[in-house]
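Peer 1: below are the sequence and a predicted model for it; my questions follow.
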2 protein chains.
Amino acid sequence: MLRSIAHIQLRWVIALVLALPLLAQADDQLASWNDGPSRQAIEQFVETVTTEGSKDYVPVAQRIAVFDNDGTLWSEQPMYFQLLFALSEVKRLAPEHPEWKTEQPFKAVLENDQKTLATTGMDGLMKIVGATHTGVSVDAFRENAQRWLATAKHPKNDKPFTEMVFQPMLELLNYLRANGFKTYIVSGGEVEFMRVFAEEVYGIPPEQVIGTTFSTQFQDKDGKYSILREPKLALNDDGPGKPVSIQSIIGRRPILAFGNSDGDLQMLQWTTAGEGKRFAGIVHHTDAKREWAYDRDSHIGRLDKALDAAKANNWTVVDMAKEWKVVYPFELNQP
Amino acid sequence: MLRSIAHIQLRWVIALVLALPLLAQADDQLASWNDGPSRQAIEQFVETVTTEGSKDYVPVAQRIAVFDNDGTLWSEQPMYFQLLFALSEVKRLAPEHPEWKTEQPFKAVLENDQKTLATTGMDGLMKIVGATHTGVSVDAFRENAQRWLATAKHPKNDKPFTEMVFQPMLELLNYLRANGFKTYIVSGGEVEFMRVFAEEVYGIPPEQVIGTTFSTQFQDKDGKYSILREPKLALNDDGPGKPVSIQSIIGRRPILAFGNSDGDLQMLQWTTAGEGKRFAGIVHHTDAKREWAYDRDSHIGRLDKALDAAKANNWTVVDMAKEWKVVYPFELNQP
């Protein structure tokens, strides 16, 4: 009898020891967030909307959370990563385009002439994006993006771009999903480019990635089908384009939105103007040491009007330097 | 002891009796389908792609199923139900538009002059749809659609339109979802009109409804936000527009598609041209008694090229008259 009790107790002890790491994990799903105001606001919001019987309870089906990508889920300096991809593609495709040797903006790209490139402005940019993102099938484009993402390294820290995602935001995505949220990307980035890595890196499936979209055509060549990308925008998913794409594609208003720049202002406004409890968050790039520090005067990811709106409306502004224990996942493995 | 055994046995008998309806239900999720070739093809396909270890196994994340709506999930005679809504809206809005008394095609609608209405053709149709579907916020439009759906009755059988959905297709949607499929509508119908009833009637949430879409604008009137519908198509979700919208919104190729007309041909082609096991189904309207009988010569839901393609490619063609025990849910309650 005694032996039997001892046996049972031993089993309990073993079970407890085995369970401890799991318990710790469950307890700290936001492990990379300091116990600051942002973490507290997030946890309080999630508890409020998921507590059955509470007046602010939100059914699972309506727990839609939308995230900008550039500057919100991964870095965006010294320029949008997708633009680095486009510049790299110009070089890869140059042998097929001898005319680019003398034609701007391609000449400037091939000669690494940043000064001239800058003078070509939005027109030049659209030519580069058009030449590298369209005129091919969706499948072919995704292969190009995949190849680049698998091999290219960030100019500053020599890491693959898919490792320059924000660890605290990965934890936030998981935490929200564990609480019944459906997590979406709503980004100015091109939709098929993001779909290449969003599922593996963020756990966000293709059908929950919304982004700037090119027009496409269904092609039937003697029973061989493909979808051809055309050099014409179907959806410019930036600024007021974000609530528009949210409505047309998701069809209901999110209850949580996270951005980092003025391009996210209307998405944050639209989200918080709904009835009931809502959450608006802004990633504030305050960390010149581990990431970058920029806001009101930046050409990339300018945060000015949205920062004023955040203050006026009591939105959550995440001070990256103070509130994040680590920025990137690879810091977790450092001594 | 004996009494105890008897007691246990009685409990078992009671448990079994209580479980019987559940077992029967589990066993016959497709209860309204006769054991014909279509049901067999559906069940065989689902078993094949969901059997782990089988070479044709498809992971849950990739089990995308797409369904046309008009003529596939609900009836579409004597004309698309959404068009009946538009005509009804012209009458409701007429007091605000005195000019319609003399202006075509509105005059013809108000005078129930079908002959003149028909002569106004596609131009007239677009004017009617524009006047009744745009120029209002998304919220206001949805209220209009909701009001009509809650009160209008079908001219033939006096049933609400949301009861004229196909019982066997409702069962198929549930059966697929129970097997890990994500079910989508991909329809020429207008997306917000369908979203008003798709979740309640089909169990398909707004974010899984894809349809013809009007351009919208985000409006900010002194901090009051709305999304305004404009009289301009952003997406014509018919024919080759279907694979286009599937790629741009879902971002991966379905493994099962169901349609009923030539407008679904490209969606069926695109679905079945993917690698691995695929399923293409067509609802063939063969039932003049319980529903309608039409195919190659119909102005609405013409099924001609897609019927040839089905024969050539061995797609599943559902003979409604022979393979469906009931057509509508309300038949289940009849003696």
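Peer 2: Noted; the coordinates are in hand. Residues are numbered from 1 along each chain as shown, chains lettered A, B, ... in the order given.
Peer 1: can you map out the strands along the stretch 51-200 of chain A?
Peer 2: Assigned by DSSP state E, counting those that start in this stretch, the strands in the stretch 51-200 of chain A fall at A:64-67, A:182-190.
Peer 1: any chance of those in a markdown table, plus mean pLDDT and distance to residue A:286?
Peer 2: All C-beta atoms are positioned from the backbone trio N, CA, C, and that covers glycine. What follows is the strands of the stretch 51-200 of chain A, written out as a markdown table (pLDDT from 0 to 100; distance: least, C-beta to C-beta, whole Å):
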| stretch | mean pLDDT | distance to residue A:286 |
| --- | --- | --- |
| strand A:64-67 | 98 | 19 |
| strand A:182-190 | 98 | 22 |
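Peer 1: so which of those is the most surrounded?
Peer 2: Sort the strands of the stretch 51-200 of chain A by mean neighbour count, taking mean count of other C-beta atoms under 10 Å in any protein chain shown, and strand A:64-67 sits at the top with a mean of 26.
Peer 1: for chain A, what lies in contact range of chain B?
Peer 2: Residues of chain A found near chain B (C-beta under 8 Å from any C-beta of the partner chain) are A:61, A:64, A:138, A:182, A:191-192, A:195, A:199, A:205-207, A:209, A:213, A:216-218, A:220, A:224-225, A:227, A:234, A:240-241, A:243-244, A:247-252, A:266, A:269-270, A:273.
Peer 1: for the residue nearest to the spatial centre of chain A, give me its contacts.
Peer 2: The C-alpha lying nearest the average C-alpha coordinate of chain A belongs to residue A:69 (C-alpha atoms, centre = their mean; 2.4 Å). Contacts for residue A:69 were tallied using C-beta atoms under 8 Å, 6 or more residues apart in numbering or on different chains; they are A:185, A:187, A:189, A:194, A:211.
Peer 1: also residue A:270?
Peer 2: Neighbour list for residue A:270: A:242, A:243, A:246, A:253, A:257, B:218, B:225 [criterion: C-beta under 8 Å, 6+ apart].
Peer 1: quick one: low-confidence parts of chain A?
Peer 2: Residue ranges of chain A with pLDDT under 70: A:1-27, A:335.
Peer 1: name the SS class of the closest residue to residue A:138 other than its chain neighbours, please.
Peer 2: Once flanking residues are discounted, residue A:138 sits nearest to residue A:227: 4.7 Å by C-beta to C-beta, 6 or more residues apart in numbering or on different chains. What DSSP: H, G, I helix; E, B strand; the rest coil gives for residue A:227 is strand.
Peer 1: residue A:227 pairs with what?
Peer 2: Under DSSP bridges, the beta-bridge partners of residue A:227 are residue A:218.
Peer 1: backbone phi and psi for residue A:216, please?
Peer 2: The phi and psi values for residue A:216, taken as degrees, to the nearest 10, are phi -130, psi 160.
Peer 1: picking that back up, now the buried members of the residues of chain A next to chain B.
Peer 2: The neighbour count (16 or more other C-beta atoms under 10 Å in any protein chain shown) marks A:64, A:138, A:182, A:191-192, A:195, A:199, A:205-207, A:209, A:213, A:216, A:218, A:225, A:227, A:234, A:240-241, A:243-244, A:247-252, A:266, A:269-270, A:273 as buried among the residues of chain A next to chain B.
Peer 1: show me those residues that map onto helices.
Peer 2: A:138, A:191, A:192, A:195, A:199, A:241, A:243, A:244, A:266, A:269, A:270 (DSSP state H).
Peer 1: residue contacts, the second one?
Peer 2: Listed by C-beta under 8 Å, 6+ apart, the contact set of residue A:191 reads A:209, A:210, A:211, A:212, A:213, A:237, B:248, B:251.
Peer 1: which of the residues you listed sits closest to residue A:122?
Peer 2: Nearest to residue A:122, judged by C-beta to C-beta, of the contacts of residue A:191 is residue A:212 at 13.9 Å.
Peer 1: if I look at the closest one, how far off is chain B?
Peer 2: With distances taken as C-beta to the nearest C-beta, to the nearest Å, residue A:212 is found 11 Å from chain B.
Peer 1: is there a neighbour count for the closest residue to that residue other than its chain neighbours? I'd like the number.
Peer 2: Leaving aside its chain neighbours, residue A:212 sits nearest to residue A:237 (4.6 Å; criterion: C-beta to C-beta, 6+ apart). Neighbour count for residue A:237, taken as other C-beta atoms under 10 Å in any protein chain shown: 26.
Peer 1: I'd say residue A:237 and residue A:194 touch.
Peer 2: No - assessed by C-beta atoms under 8 Å, residue A:237 is found out of contact with residue A:194, at 10.3 Å.
Peer 1: report the set of residues contacting both of these two.
Peer 2: Residues touching both residue A:237 and residue A:194 (C-beta under 8 Å, 6+ apart): A:187, A:211.
Peer 1: just flag the most distant two among the contacts of residue A:270.
Peer 2: Largest separation among the contacts of residue A:270 by C-beta to C-beta: A:257 and B:218, giving 13.8 Å.
Peer 1: number of nearby residues for residue A:58?
Peer 2: A total of 20 residues lie near residue A:58 under the criterion other C-beta under 10 Å.
Peer 1: with the one 4 residues further on instead?
Peer 2: Close neighbours of residue A:62, defined as other C-beta under 10 Å, add up to 18.
Peer 1: wait, what's in contact with it?
Peer 2: Applying C-beta under 8 Å, 6+ apart to residue A:62 gives the contacts A:252, A:255.
Peer 1: now name the helix or strand holding residue A:281.
Peer 2: strand A:279-284 (DSSP states H and E).
Peer 1: contacts for that strand?
Peer 2: With contact meaning C-beta under 8 Å, 6+ apart, strand A:279-284 is reached by A:38, A:41-42, A:45, A:71-72, A:166, A:169, A:255-260, A:264, A:268, A:271-272, A:295, A:303, A:306-307, A:310, A:313, A:315-320.
Peer 1: and it, C-alpha only, in CSV?
Peer 2: Extracted in CSV, the C-alpha atoms of strand A:279-284 (Å, rounded to 0.1, in the frame of the first residue of the first chain):
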residue,chain,number,x,y,z
PHE,A,279,-7.1,48.0,-30.0
ALA,A,280,-4.7,50.2,-32.0
GLY,A,281,-0.9,49.7,-31.7
ILE,A,282,2.1,51.4,-33.3
VAL,A,283,5.6,50.1,-33.4
HIS,A,284,7.8,53.1,-32.6
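Peer 1: note down every partner strand of it and its orientation.
Peer 2: Sheet pairing of strand A:279-284 (DSSP bridges) gives strand A:256-259 (parallel), strand A:316-319 (parallel).
Peer 1: after it, which helix or strand is next? Please name it.
Peer 2: The helix or strand immediately downstream of strand A:279-284 is helix A:305-313, counting by DSSP H and E.
Peer 1: so what does that following helix touch, helix or strand wise?
Peer 2: Where contact means 3 or more C-beta pairs under 8 Å, 6 or more residues apart in numbering or on different chains; DSSP states H and E, helix A:305-313 is packed against helix A:265-272, strand A:279-284, strand A:316-319.
Peer 1: now those as TSV including distance to residue A:147?
Peer 2: Output for the helices and strands packed on helix A:305-313, formatted as TSV (distance: least, C-beta to C-beta, whole Å):
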stretch	distance to residue A:147
helix A:265-272	31
strand A:279-284	29
strand A:316-319	33
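Peer 1: for residue A:51, find the nearest of those.
Peer 2: Residue A:51 sits nearest to strand A:279-284 of all the helices and strands packed on helix A:305-313, at 14.9 Å, using C-beta to C-beta.
Peer 1: and the angle from that closest one to helix A:265-272?
Peer 2: Angle of strand A:279-284 versus helix A:265-272, following axes from the mean of the first three to the mean of the last three C-alpha atoms, to 10 degrees, is 150 degrees.
Peer 1: list the buried residues of strand A:279-284.
Peer 2: Using 16+ other C-beta under 10 Å as the test for burial, strand A:279-284 gives A:279, A:280, A:281, A:282, A:283, A:284.
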